[in-house]
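[1] got a predicted structure plus its sequence, pasted below:
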Amino acid sequence: MLVKNQSMDDYSSQKNIDFIEALHEIAHDMHWSWSHATDEIWKKLDPLLWELTHNPLVILQTVSQDKIMGVLEDESVRQSIDEFIQDKRQAALSPAWFQKAYPNTPLTNVAFFSMEFMLSDALPIYSGGLGNVAGDHLKSASDLGIPIIGIGLLYQQGYSRQVINRDGSQQNFFPYNDPGQLPVTPLRFPNGEWLRIEIKLPGYSVWLRSWKVQVGRVTLLLLDSNDMANFPVHRGITSELYGAGAELRLLQELVLGIGGWKLLKALGLKPEVCHLNEGHSAFVVLERAADFMEENDQSFEVALQVIRGGNIFTTHTAVGVGFDCFAPDIIKQYLEKYAKDRLRISLHDLLALGRQNADDAMEGFNTSYLAIRGSGHINGVSKLHGSVSRQLFSSLFPKWPLEEIPVSHVTNGVHMPTWDSPEADKLWTEACGKDRWLGTLENMEQHIRLISNEKLWQLRLATQETFIAYIRKRYSRQLAMSGMPLKTIEEAKHLFDPKVLTLGFARRFVAYKRPNLLLHNPERLHRILTDAKRPVQLILAGKAPPGDDAGQAMVKEWIQLINQWELTNHVIFLSDYDMILTEHMVQGVDVWINTPLRPWEACGTSGMKVLVNGGINVSVLDGWWDEAYAPDIGWALGNQENHNKDNNRDASDAEQLYNLLEQEIIPEFYSCDEKGIPVAWVNRMRESMARLTPRFSANRSVREYTESYYLPAANAYLNRAANKSELAIQFVNWKQNFEKKWSKIRFGDMTVASGNNQHCFSIQVYLNGFHPDEIRVELYANGLKGGEPEKYEMKFLEQSPPDTCAAIFNIIIPADRPSADYTPRLLPQNKNVSFPLEFACILWQR
């Protein structure tokens with residue numbers, strides 16, 4: 001009997017060990033951050049620590065073994081752990097959307113390079129929108145089974161944390177990120193040696209430690225420079241996100257691009273596609289080319305032509321001053337030897353890759369220009385931003401019409417399972433199924449339209465209760481930390497009312513976002529908020545970047561107004577805007593306000609996050625809202641005209657915002673039927689949820705990148721690399737030949753005959769030795785009333801008499817508009833070249 005009991009004890013002990021190991025496995029896989037299947041376990045282990053950190057690993061390292069063992073005695077806990085692990089194993093073995101849709105694709109890996117990733121507050125290596133997009137991109141790639149590998153940096157301090165003093169002044173702190181308490185694992189060789197990457201800089205090496213983050217089906221690889229073998233100053237390269245000073249920023253970008261590609265190679269990975277998420281990642285272009293040169297014994301020109309076919313550059317910048325641009329001297333200091341020894345090109349040729357004018361010795365080195373010249377696809381992050389980017393990059397493609405500048409767009413989306421509330425998740429699951437975000441979204445809109453008014457309004461009431469409870473707790477802690485009296489702290493625990501219309505504004509506090517637009521007329525704002533019959537409550541959050549005095553002054557202005565007007569019952573400013581606070585705000589507010597200067601918001605994703613939760617947007621027609629807005633799903637500020645920062649525009653936009661609140665938003669919210677349901681408001685919720693949630697989900701955007709960019713890019717790279725780089729070698733030779741003869745090509749005389757509702761154009765072209773098949777002659781006319789331009793290819797008719805050396809091209813077109821509207825132009829023609837991205841020559845008749 002004793003032996004039997006001992007055996008049972010051993011079995012029970014081993015089972016507990018197995019469950020503890022499973023908990024550690026779960027804690028190290030970021031899938032927990034959006035599945036929420038194990039949230040209750042972490043709450044049971046330490047509810048306060050979970051609420052403050054959302055970091056399972058910290059909880060496992062903090063609570064006692066006795067506490068863990070006690071929680072594991074609960075059969076429901078064991079069952080949750082088993083189900084999570086079994087689902088994870090099953091997902092790894094089962095084909096996802098990508099494997100089903102593209103079973104025979106040559107695409108095996110996409111390397112996604114980004115300076116920041118927002119996955120969870122458990123891994124604070126993000127600042128804002130760029131990291132948000134990158135993190136949601138990886139999560140959706142995991143859901144869909146797309147073979148993406150993230151490449152980023154592990155920062156010792158991450159981005160700044162915010163404390164607001166009593167007088168409203170912002171303090172910035174940089175807490176240390178202890179890798180032992182982050183969901184990261186060192187990458188090691190089979191013999192236990194830590195995988196470290198060496199980057200050789202002039203006179204010394206920088207060693208980089210490598211880490212792995214599991215994000216469901218996909219992996220995020222991180223590098224950090226805090227290696228004991230480095231000089232102290234170089235250990236700080238990855239000290240903080242977007243560190244101050246051009247030299248530190250350059251070193252961070254070299255680590256990301258060059259070090260990131262070296263890490264992939266060290267792991268034996270050869271991605272067909274590299275996705276450069278902003279210009280910070282551009283140096284991967286150089287290292288990928290250098291690696292191809294070394295492996296295939298090719299020149300830099302050939303290697304660049306091969307690898308650019310497999311590179312995609314996404315720009316998130318809406319103003320020229322936002323691009324990283326380094327002084328020539330600093331590029332010379334760090335990259336002259338690299339250019340000579342690794343790339344076998346001159347410093348001049350390297351600098352030319354990042355300049356508009358290759359021969360301007362004073363021009364800086366723009367990393368976005370390098371990314372463009374090293375990529376086969378370029379895109380902005382909204383339809384409007386695509387247009388803005390074509391203007392920003394037009395100088396690289398002189399004489400080309402704006403609409404033909406080779407920048408397209410993929411509008412960002414957000415990972416809806418990350419941002420939906422438990423109540424919203426339940427409602428969507430009932431309507432659309434548990435696996436609704438794991439494939440295509442065709443039927444989602446019609447299913448959401450079937451949800452009753454009662455259920456939608458109950459969703460709003462339930463999420464508000466949860467949200468207001470969280471706000472009270474967080475604000476009370478904030479007041480206690482700032483040393484406020486106990487009475488004030490206690491009163492904060494009873495602020496706000498779940499039944500009252502709740503507005504939200506949470507952004508970076510920078511000038512172009514105009515976070516103080518609502519303060520344009522404080523008296524009017526006060527009247528709106530404190531109306532006894534139809535009160536309004538406003539929740540604000542946001543950090544000013546360290547060193548941005550103007551942004552910090554805007555934070556202070558809000559705090560001082562709240563205090564001076566005694567608006568604490570109606571307005572709360574929550575400090576230290578982070579991912580946890582974001583989740584609660586987008587799940588709980590009724591209306592999300594966004595007030596940027598158009599077109600400075602490249603996309604903006606904060607307003608997308610409220611969609612799945614039934615929140616409604618009121619925003620300037622900028623970024624994503626410019627293409628999303630319709631009168632029955634939200635409200636628009638201003639019109640579709642671009643504007644600069646000026647007081648008159650601020651005044652008119654503020655006036656319109658006040659009017660919208662007073663005349664439309666507030667009345668609609670408080671106009672209820674006999675059941676207490678605001679029917680018009682609920683209809684607006686339903687339409688916004690049904691039409692916009694699928695459209696602005698990361699599920700859609702990641703599938704769009706995959707089908708329109710990743711798959712074509714993989715094929716382009718493989719085709720160019722095939723047969724010892726035959727196509728790339730042909731391109732280099734073709735380009736050199738074309739450039740030699742291009743300057744002497746010219747137009748001759750043109751005749752136009754009009755009649756019978758037709759125009760007949762005939763023009764002479766002096767080809768300077770080119771065959772007519774090598775060029776393309778077109779008639780071009782600008783589009784009418786904002787429409788597409790008209791382009792007609794002219795046909796080679798005959799060679800002129802020998803004494804003229806000209807070729808004749810002609811065409812007959814409908815006389816729908818005056819013949820003077822059309823201008824002949826001449827372009828190179830080569831089916832293997834992307835014009836004007838890879839070759840920008842163009843000639844217009846004068």
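    Everything's here; your move.
[2] which residues touch the spatially most central residue of the chain?
    Centrality entry for the chain: nearest residue to the mean C-alpha point is Val133, 3.0 Å, by Cα atoms, centre = their mean. By Cβ atoms under 8 Å, 6 or more residues apart in numbering, the contact list for Val133 reads Asn277, His316, Val381, Asn412, Cys603, Thr605. Every C-beta, even on glycine, is put in place using the N, C-alpha and C of the backbone.
[3] just the element for it, please.
    Assigned by DSSP states H and E, Val133 belongs to helix 129-144.
[4] and the next helix or strand past that helix?
    strand 148-153.
[5] Provide the strand pairings for that next one, with the direction of each partner.
    Strand 148-153 pairs in its sheet with strand 110-113 (parallel), strand 218-224 (parallel), by DSSP bridges.
[6] contacts for the shortest one next, please.
    By that I understand strand 110-113. So strand 110-113 is contacted by 134, 137-138, 146-152, 256-257, 260-261, 264, 269, 271-277, 281, 284, 710 (Cβ under 8 Å, 6+ apart).
[7] that strand - what's its average pLDDT?
    Here strand 110-113 scores 98 as its mean pLDDT.
[8] distance from the longest helix that the chain contains to the middle of the chain?
    Longest among the helix segments of the chain by residue count, using DSSP state H, is helix 711-742. With Cα atoms, centre = their mean, to the nearest Å as the basis, helix 711-742 stands 31 Å off its chain's centre.
[9] what do you get for stretch 672-685?
    35 Å.
[10] quick one: mean pLDDT over that stretch.
    Averaging pLDDT along stretch 672-685 gives 97.
[11] after the longest helix of the chain, which helix or strand is next?
    Following helix 711-742 toward the C-terminus (DSSP H and E): strand 746-755.
[12] alpha carbons of that next one, in PDB - could you do that?
    Output in PDB follows, covering the C-alpha atoms of strand 746-755 (Å, rounded to 0.1, in the frame of the first residue of the first chain):
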ATOM      1  CA  ARG A 746      14.900  63.300 -79.900                       C
ATOM      2  CA  PHE A 747      11.600  64.100 -81.400                       C
ATOM      3  CA  GLY A 748      11.300  65.600 -84.900                       C
ATOM      4  CA  ASP A 749       8.300  67.200 -86.600                       C
ATOM      5  CA  MET A 750       4.700  66.200 -85.700                       C
ATOM      6  CA  THR A 751       1.600  66.600 -87.900                       C
ATOM      7  CA  VAL A 752      -2.000  66.400 -86.700                       C
ATOM      8  CA  ALA A 753      -4.900  66.000 -89.000                       C
ATOM      9  CA  SER A 754      -8.400  66.200 -87.500                       C
ATOM     10  CA  GLY A 755     -11.700  65.300 -89.100                       C
END
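[13] list the contacts of that strand.
    Residues contacting strand 746-755 (Cβ under 8 Å, 6+ apart): 759-766, 804, 806, 815, 819, 824, 826, 843, 845-846.
[14] rerun at 7 Å
    759-766, 806, 815, 819, 824, 845 (Cβ atoms under 7 Å, 6 or more residues apart in numbering).
[15] of the contacts of strand 110-113, just the buried ones, ChimeraX syntax please.
    Applying 16 or more other Cβ atoms under 10 Å to these, the buried members can be selected in ChimeraX as follows:
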select :134,137,138,146,147,148,149,150,151,152,256,257,260,261,264,271,272,273,274,275,276,277,281,284,710
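[16] dump the contacts of strand 746-755 to JSON lines, plus pLDDT and secondary structure.
    Below are those laid out as JSON lines (pLDDT from 0 to 100; DSSP: H, G, I helix; E, B strand; the rest coil):
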{"residue": "His759", "pLDDT": "97", "secondary structure": "strand"}
{"residue": "Cys760", "pLDDT": "97", "secondary structure": "strand"}
{"residue": "Phe761", "pLDDT": "97", "secondary structure": "strand"}
{"residue": "Ser762", "pLDDT": "96", "secondary structure": "strand"}
{"residue": "Ile763", "pLDDT": "96", "secondary structure": "strand"}
{"residue": "Gln764", "pLDDT": "94", "secondary structure": "strand"}
{"residue": "Val765", "pLDDT": "95", "secondary structure": "strand"}
{"residue": "Tyr766", "pLDDT": "94", "secondary structure": "strand"}
{"residue": "Ala806", "pLDDT": "89", "secondary structure": "coil"}
{"residue": "Ala815", "pLDDT": "95", "secondary structure": "coil"}
{"residue": "Ser819", "pLDDT": "95", "secondary structure": "helix"}
{"residue": "Pro824", "pLDDT": "97", "secondary structure": "strand"}
{"residue": "Gln845", "pLDDT": "94", "secondary structure": "coil"}
